[in-house]
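A.B. asks: Please work out how this folds:
(chains A, B and C)
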Amino acid sequence: MSESTARPRGGTKAFLSANAVLVYLFFYAPIILLVVFSFSDNRNVGTWGGLTFDWYRDFARNEPIQDAIWVSLRVAFVTTVVSVVLGTMAALALERFRFRGQRVFDALLYLPIIIPDVTMAVMMLLFFSQSIDIANDVFGTQWGKGLTTITLSHIAFCISFVSVVVRARLNGMDERLEEAALDLYATRWQTFRHVTLPLIAPGVAGGALLALTLSLDDVVITQFVAGPGSTTLPVYVFGLIRRGVTPLINAVSVVMLVVSIVLVLLSLVLQRRGGTEQSTAPSDDGAVGPRAAA
Amino acid sequence: MRKSTIGRTTRIAAIPLTLALVAGACGSDDDNGDGDGSGDGETAECAVDEVDGDLALFNWAEYIDPEQLQAFADEYGISATMDVYDSNEAMLPQIQAGNSGYSVIVPSDYMVSIMIAGEFIQPLNQDAIPNLANLSEEFQGLPYDPDNTYSVPYQAGTTGLAVDTAVVGTDFPRSWSIVFDPEFAGQFSGQISLLNDPRETLGAALKYLGYSLNTTSMDELNEARDLVASASGNLAAFNTDSADEFLTSGETAIAHGFSGDMFVQILETDEGTDRYVYFVPEEGGTRWIDNMAIPFDAPSPCTAHTFINWLMDGEQGAALANWNYYTTPNEAAKPFLDEDLLAFLDDPEVLAGGEESLELIEDTGDFEINFSDAFTEAKG
Amino acid sequence: MTIAEAPPSGPSPDWTDDTLPVDDGAEATPEFERAAERSKARRGFLIALPAYAYLVLFFAVPLLIVAVYSFGTRNRFGDTELSGWNLDAYRKLAEPLVRDIALRSLWLAILTTVICLVIAYPFAYFLATRTPTVRNVMLVFVMIPFWSNFLVRNFAWRVLLGTDGPASQLTEAVGLGPTRILFTSTAVVLGLVYGFLPFMILPLYAAIERIDLGLVEASRDLYASGWQTFRRVLLPLSMPGVIAGSILVFIPSLGAYVTPEILGGAKTTLLGSYIVTQFLTARNWPVGASLSFTLTIIMLFATILYFRKGGRTL
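C.D. replies: Residues are numbered from 1 along each chain as shown, chains lettered A, B, ... in the order given. Just a heads-up that it's a prediction; the model follows:
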């Protein structure tokens, strides 16, 4: 891909690079603070109290927080997988096809983005309480709110976010490539898998990242649809804030960050090593063909 | 054509489903919640120290030592978990909707009366709570639940002002005027915080003006609103959760807050009570009481009764208070309290207006929305 | 190998409706075309169905329940009586208090969106013109901060912007004297931009990245300036990303309340806080529901209009 005059040069390049650097500084300023004060021997974040690993030790011994992290991770994983699949399908359906009820579907897809958090929280609470009541009466079960209800709620709003990102990618993308594949005797599934999917991969990946982030961070909705023993990390932190933000939270955040970074780097490395045939395509801007692996 | 039939079928199926759910919602709310089981006033049949399942506690954050909770679990051979909420109003919908899964909750005073009226908590079997006899006199006969039919006090406290004497000096009036009097407050503009709570903050204004903080008079409320509005120009922030931290980190010099929060935070600093002072102004303030109660559909009511009884034991009550530094309603716990805590609680200067100046917050029924609207208007 | 080998013999594989008999040399008659259209539409519907059904069950139905509540009345205990349907909750929305709150929130959301756009576009373009490896790494490093807890990040900003905090030390070093940005509306905007910037970057990047930059090259070759190239070539082509990003930022900003509380000191009330207050503190669910509903419907229409203007259909 590097068409040479499209790449910024000179003054434009300086401006763009400076902007990028500033953006990264902006993004990481609170993170740096987070890391630094996770080693501070003072209960108040913001007042440096000398180097210590105590907070990390506290974290290692703190079961409720660890339970909460584990719950968050499980919910986020399932949410991401399901919402990426459903969201991508929704995006494809809306961008590549015309069918009855499409407008309603489109509007419905935007509602979870539009609706205020607390409203969604309240309505999911009401919905689940009623449904669980009915289900328990009908099936004689003792179901309650918990991981399932949290995950179901998260998926509900993540689908929309994923589809918006994938649609932005799909929109205006050259359909002739897919038509060409079909003309060349590929089945619809093969066309999807070998042509469409690589081309929308950045959108799908972006949507997946977004879904993961949204699920890991959600507080209000989770608070309302969680049950005993299914507290997620953000809800737990939210509850702790009443008692004061201590570097313990910082230590927890740093650990989670490090784990995320490690996981992501691992997956990047694996992707390059695995060398699937798709690894060339996502970087292209439309052309398919033999290219050196990225 | 098949495709449109599919679409129609889905939509048609959705209609009766929606109607069923909405009808369910309608029906239950007309009965004021799903509380059919406890509506007839029957208490759970439990013996003393009986357990019928694990304990799922729904509590305020950091209100009980996790180790103490575990000690309870170990003693009775069950597991005990705790989930947290940050306000009564966040807890209520979850209990009200039913199937919350919790056996013990900790509502505040006014919330108890609301939950009693809505039948969201069940009457207690006092035979299973013999330690109820340990309840201090001043915590008996409380207006919201005089005979402890539904609740047992857990911890109590006051709401007042904490001041950084290094900034404000020691020679200030023990009055709400340091926040509401423009002359005084103006000296510390940008260094004052008030609670982000309509009842508490408007209540402070009402007390300063000489009215009851449970007023149902629009005129009085409007006066209080205007007072808060003019005071907000001098504020750093309206904040409930971190008001104590702002004080000790130097962000503010005068902080409106809860006794235990302030006290713990002050003790954590080097200068402690030499530098920071907490008091309830002479015009009066809020006395609040958090209580233990059992939801109407608690999965383990007997375990719940046992837990309540266990915490009302002298030593356990003291362990609780020594951990969160609030006032204990447990007479039998007093001999075991920490010295620091006792010094703080018994200090006469803390209640500048005396015990009589304190009021409990009560729910004002239909008038309640006026408080929150007035507060929103005051903020501008 | 990216495409299946062509079958050596046999009829051409039929990529139209299975039930229609197709043989070699099928002509594009009107019936054929219509049948192909129908089958395509059906396929589209089926592909959409899982997401559609999910959202109907787990979103539309709950939403309807809340809509029903908006017609109820708050009784003296804060419960909602559904027996007497009325429009009181909607009438309350006409009060000046609500109008002020709405305008204030609108202004804040617009400001946040514009700032995000201005910052994110150059960034997304820069990102899109890197080599693929660098691109992926850079993108991941954009997302990483947002895998830390949202609340914790807000509290970190509270420290950064506080009295004698790093921001204040920075302004002192530059000669502007000590400042406390915390508890001002600047802090709120900063916090909101911080929280929503990735939502603007991602769709923008996805849209810019698929533009054939040969067009940009062509524009430059034809002596267009950078600015002209941007305005006439890049911007129109990346418009779907701009629209998607704006929506993903504007709408949540409108309902934001955590950041304004933590960084703004809760000194002004925004729509998000007001709705939360109605549902929780005031336990006035009918008004909370009516406001949420009204807001949602208005935003939905605004989104549809925005799309139409951007040249897309909805």
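A.B. asks: Would you pull up the residue in the stretch 201-314 of chain C closest to chain B?
C.D. replies: Chain B sits closest to residue C:265 of the stretch 201-314 of chain C, with a gap of 2.8 Å, by CB to the nearest CB. (C-beta placed from N, C-alpha, C; glycine too.)
A.B. asks: give me phi/psi at the residue of chain A found nearest chain C?
C.D. replies: Residue nearest to chain C within chain A: residue A:97 (2.4 Å; CB to the nearest CB). Dihedral angles of residue A:97 (phi, psi; degrees, to the nearest 10) stand at phi -130, psi 160.
A.B. asks: cool, residue B:58 as well?
C.D. replies: With angles defined as degrees, to the nearest 10, residue B:58 sits at phi -120, psi 110.
A.B. asks: And it, how close does it get to residue A:231?
C.D. replies: Distance, residue B:58 to residue A:231, using CB to CB, to the nearest Å: 11 Å.
A.B. asks: more crowded one of the two?
C.D. replies: Taking neighbours as other CB atoms under 10 Å in any protein chain shown, residue B:58 and residue A:231 compare with residue A:231 leading, 26 against 22.
A.B. asks: In a strand, that one, correct?
C.D. replies: No: Residue A:231: not assigned to a strand; according to DSSP: H, G, I helix; E, B strand; the rest coil it is coil.
A.B. asks: quick one, what contacts it?
C.D. replies: Contacts for residue A:231 (CB atoms under 8 Å, 6 or more residues apart in numbering or on different chains) come out as A:64, A:67-68, A:71, A:239, B:83-84.
A.B. asks: switch to 10 Å and redo it
C.D. replies: Residue A:231 makes contact with A:64-65, A:67-68, A:71-72, A:150, A:222-223, A:237-239, B:81-84, according to CB atoms under 10 Å, 6 or more residues apart in numbering or on different chains.
A.B. asks: between these, which has the most around it?
C.D. replies: Each of the contacts of residue A:231 was scored for neighbours by other CB under 10 Å, and residue A:150 scores highest at 31 neighbours.
A.B. asks: Show me what the helix or strand harbouring that one packs onto, helices and strands only.
C.D. replies: Element membership of residue A:150 [criterion: DSSP states H and E] is helix A:147-170. Judged by 3 or more CB pairs under 10 Å, 6 or more residues apart in numbering or on different chains; DSSP states H and E, helix A:147-170 is in contact with helix A:63-96, helix A:102-114, helix A:117-139, helix A:197-217, helix A:220-225, helix C:30-55, helix C:185-209, helix C:239-255.
A.B. asks: After that helix, which helix or strand is next?
C.D. replies: Per DSSP H and E, the first helix or strand lying C-terminal to helix A:147-170 is helix A:176-183.
A.B. asks: Would you mark the buried spots in whichever helix or strand comes after that next one?
C.D. replies: Downstream of helix A:176-183, the first helix or strand assigned by DSSP H and E is helix A:188-191. Within helix A:188-191, the residues that qualify as buried by neighbour count (16 or more other CB atoms under 10 Å in any protein chain shown) are A:190-191.
A.B. asks: now do stretch C:135-148
C.D. replies: Within stretch C:135-148, the residues scored as buried using 16+ other CB under 10 Å are C:135-136, C:138-140, C:142-148.
A.B. asks: Next, give me the two most distant ones among these.
C.D. replies: With CB to CB as the measure, no two of the buried residues of stretch C:135-148 lie farther apart than C:135 and C:148, at 22.9 Å.
A.B. asks: show me the contacts for the nearest residue to residue A:48 once chain neighbours are set aside.
C.D. replies: Of all residues not flanking residue A:48 in the chain, residue A:40 sits nearest, at 5.2 Å (CB to CB, 6 or more residues apart in numbering or on different chains). Shown in contact with residue A:40 (CB under 10 Å, 6+ apart): A:46-52, A:54-55, A:246-247, A:250.
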